[in-house]
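# requesting a structural model of the entry that follows:
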Amino acid sequence: MAFKRKTASIIFIFITVLVDIIGIGIIIPVIPDLIISLDPSLIKLTDEEALSKASEIGGWLMFAFAFVQFFFAPVLGELSDRFGRKPVLIMALFGLGLDYIFHAMAPTVFWLFVGRVIAGFFGASYTVAYSYIADISKPEEKAKNFGMIGAAFGLGFIIGPVVGGVAAQWGIYVPFYVAAGLSLLNMVYGLAVLPESLKKENRRKIEIKNLVPGGALFALRKYPQILGLVAAYFFIYLAGKSVESIWTYYTMFRFEWSVTQVGYSLGVVGILVTIVQGGLIGRTVKFFGQKKTILIGYIFWVSGLILFGLANQGWMMYAFTVVYTMGGVAGPTIQSLMSNEVADDEQGELQGALTSLVSITTILGPPLFTFIFSYFTSDASPISLPGASFFLGASLALVSMIFATKSLLKHH
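Residues are numbered from 1 along each chain as shown. Here you go, the predicted model:
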């Protein structure tokens, strides 16, 4: 009986994270059309002009979500340590469900920003999901169960954009109602089957110092031998935000793709990323070793970004995605090298700091890359260069490569 209850709990957490990521993925393809439909000044413009200006608004919407999530992730973590995991998870699912409905009914762009702020707060529930898994897993089971959460992230980014693209054929608001339905159904499922994982005797009072976002970053000063790799890790993830931030706007602007076409393309990206992350990294490291794997990854990553920027036909984006996603062998290998340099009892501290760094790139990247795209596709630019954001991303990847190479030669 206990085994069945535990299995049901793990399945629920898997579905919770999956639904969260699907919910994010569902709305990505429709955001440009939604922004344009809610801003009267954009409706009067040509499709190209409207997309150019909408991209900048979209970047700030992504910023609002990431900024709030960065600050509230530790808040939800503390609340779950004080009151238990279940009530916080149920609250988050309920809040996300209402938020998606809120987006569908938003009368103006301003209310989209309000919605993104709400989503940022409730979307930080993944921290509680990881805590729940830690509560119910034996030490020897944690790696496997945490791996399931990682799989949910990957699967969500495959399913979400495809579902969003297909659902949008019935209207740009339909994907939001689909996302809302998934969240609220999962909430009901959780109320029915999810037991509380944190015993009352293990709960503690809220500690103010733990509410400081990014506090784990200060721990990096203890590891001078990996600071070069930390810088490389930061810049490579920042470079990757170029793809996440402008893919939808770029493909619509450059190739006149529909919402459905964008959804399918993002689904292909998700599949290729899953293949590389799930099976190719281990084989590449085994064959080439960590140092060569990192350098090979950078070559593919930089090449892929440049090729995206040069693409002049839609099919090229699919072909060049293979090149770009092959670069994904670099980031996790860098993370592995850093982990090997840190003591076993300090791994959590290191991973917390790296998670904070990735969160910062999610805050900085979208407004930066969408601004570049908006400027170089506007009349204010001396030249029309829709791929400028990809070229900037390639430059940042090169900066990352320099940091990594110097660190590898000096310390590793």
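
# buried ones in the helix or strand hosting residue 253?
Using DSSP states H and E, residue 253 sits within helix 227-255. Buried residues in helix 227-255, counted by 16 or more other C-beta atoms under 10 Å: 228-255. C-beta coordinates here come from the backbone N, C-alpha and C atoms, glycine included.

# low-confidence ranges in the stretch 101-250 of the chain?
123-128, 130-131, 134, 139-151, 195-199, 201-204, 206-216, 219 (pLDDT under 70).

# tell me how this protein divides into domains.
According to automatic domain parsing, the chain comprises the domains 1-196, 216-412.

# would you turn these into TSV with distance to residue 205?
Shown next, in TSV, are the domains of the chain (distance: least, C-beta to C-beta, whole Å):
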stretch	distance to residue 205
domain 1-196	6
domain 216-412	21
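
# avg pLDDT for the longest helix along the chain?
Longest helix in the chain, counting residues (DSSP state H): helix 47-83. Averaging pLDDT along helix 47-83 gives 83.

# next: stretch 326-335.
Looking at stretch 326-335 alone, the average pLDDT works out to 81.

# can you show me the helices along the stretch 151-300 of the chain?
Secondary structure of the stretch 151-300 of the chain (DSSP state H, counting those that start in this stretch): helices located at 174-193, 227-255, 259-275, 281-288, 290-310.

# can you put the ones you listed in TSV and add distance to residue 385?
As requested, the helices of the stretch 151-300 of the chain are exported to TSV (distance: least, C-beta to C-beta, whole Å):
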stretch	distance to residue 385
helix 174-193	31
helix 227-255	11
helix 259-275	21
helix 281-288	33
helix 290-310	8
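
# quick check, residue 172 in contact with residue 38.
No. With contact taken as C-beta atoms under 8 Å, residue 172 and residue 38 are classed as non-touching, separated by 9.9 Å.

# between the two, which has more neighbouring residues?
A direct count of neighbours by other C-beta atoms under 10 Å for residue 172 and residue 38 places residue 172 higher, at 22 against 19.

# quick check, pLDDT for the nearest residue to residue 235 once chain neighbours are set aside.
Leaving aside its chain neighbours, residue 235 sits nearest to residue 400 (3.6 Å; criterion: C-beta to C-beta, 6 or more residues apart in numbering). We have a pLDDT of 93 for residue 400.

# near residue 400, how many other residues are there?
Other residues lying near residue 400 total 27 when counted by other C-beta under 10 Å.

# was I right to think it contacts residue 236?
Yes. Between residue 400 and residue 236 a contact is recorded at 4.1 Å, counting by C-beta under 8 Å.

# quick one: common contacting residues for these two?
residue 298 (C-beta atoms under 8 Å, 6 or more residues apart in numbering).

# now the helix or strand containing the residue nearest to residue 235: buried residues?
In this assignment (DSSP H and E), residue 400 forms part of helix 388-411. Residues 388-397, 399-401, 403-405, 407-408 are the ones in helix 388-411 that count as buried (16+ other C-beta under 10 Å).

# which other helices and strands contact that helix?
When contacts are defined as 3 or more C-beta pairs under 8 Å, 6 or more residues apart in numbering; DSSP states H and E, helix 388-411 packs onto helix 227-255, helix 290-310, helix 347-376.

# what's the spacing between that helix and its chain's center?
21 Å (C-alpha atoms, centre = their mean, to the nearest Å).

# run through the residues that contact the nearest residue to residue 17 once chain neighbours are set aside.
Once flanking residues are discounted, residue 17 sits nearest to residue 152: 4.1 Å by C-beta to C-beta, 6+ apart. By C-beta under 8 Å, 6+ apart, residue 152 lies in contact with 14-15, 17-18, 21.

# got phi/psi on residue 30?
Backbone torsions of residue 30, given as degrees, to the nearest 10, read phi -100, psi -10.

# same check, this time on residue 380
The phi/psi pair for residue 380 (degrees, to the nearest 10) is phi -70, psi -20.

# tally of neighbours for it?
By other C-beta under 10 Å, 9 other residues sit near residue 380.

# equivalent analysis for the one 3 residues further on, please.
The criterion is other C-beta under 10 Å. On that basis, residue 383 has 6 neighbouring residues.

# that one contacts residue 377, doesn't it?
No. With contact defined as C-beta under 8 Å, residue 383 does not reach residue 377; the gap is 10.4 Å.

# name the nearest residue to residue 280, ignoring sequence neighbours.
residue 329 (6.3 Å).

# please name the residues that touch that neighbour.
276, 280-281, 284-285, 293-294, 296-297, 300.

# give me that answer again for 7 Å
The neighbourhood of residue 329, defined by C-beta atoms under 7 Å, 6 or more residues apart in numbering, consists of 276, 280-281, 284, 293, 296-297.

# near residue 370, how many other residues are there?
27.

# any idea how far residue 121 is from the closest residue to it other than its chain neighbours?
Leaving out its chain neighbours, the residue that sits closest to residue 370 by C-beta to C-beta, 6+ apart is residue 59, at 2.8 Å. Look at residue 59 and residue 121: by C-beta to C-beta, to the nearest Å, they are 20 Å apart.

# just residue 20 next, same as before
The gap separating residue 20 from residue 121 is 13 Å, by C-beta to C-beta.

# of those two, which one has the most company?
Comparing residue 20 with residue 121 by other C-beta under 10 Å, the one with more neighbours is residue 20, at 28 against 20.

# element containing that one, please.
Using DSSP H and E, residue 20 sits within helix 2-27.

# residue contacts, the residue positioned nearest the centre of the chain?
Nearest to the mean C-alpha position of the chain, by C-alpha atoms, centre = their mean, lies residue 362 at 7.6 Å. By C-beta under 7 Å, 6+ apart, the residues touching residue 362 are 66, 241.

# off-centre distance for the longest helix of the chain?
With C-alpha atoms, centre = their mean as the basis, helix 47-83 stands 11 Å off its chain's centre.

# flag every buried residue along it.
For helix 47-83, the neighbour count (16+ other C-beta under 10 Å) marks 48, 50-81 as buried.

# what angle do helix 174-193 and the next helix or strand after it make with each other?
Next in sequence after helix 47-83, counting helices and strands by DSSP H and E, comes helix 85-105. Here helix 85-105 points in a direction 160 degrees away from that of helix 174-193 (axes from the mean of the first three to the mean of the last three C-alpha atoms, to 10 degrees).

# many thanks, have a good one.
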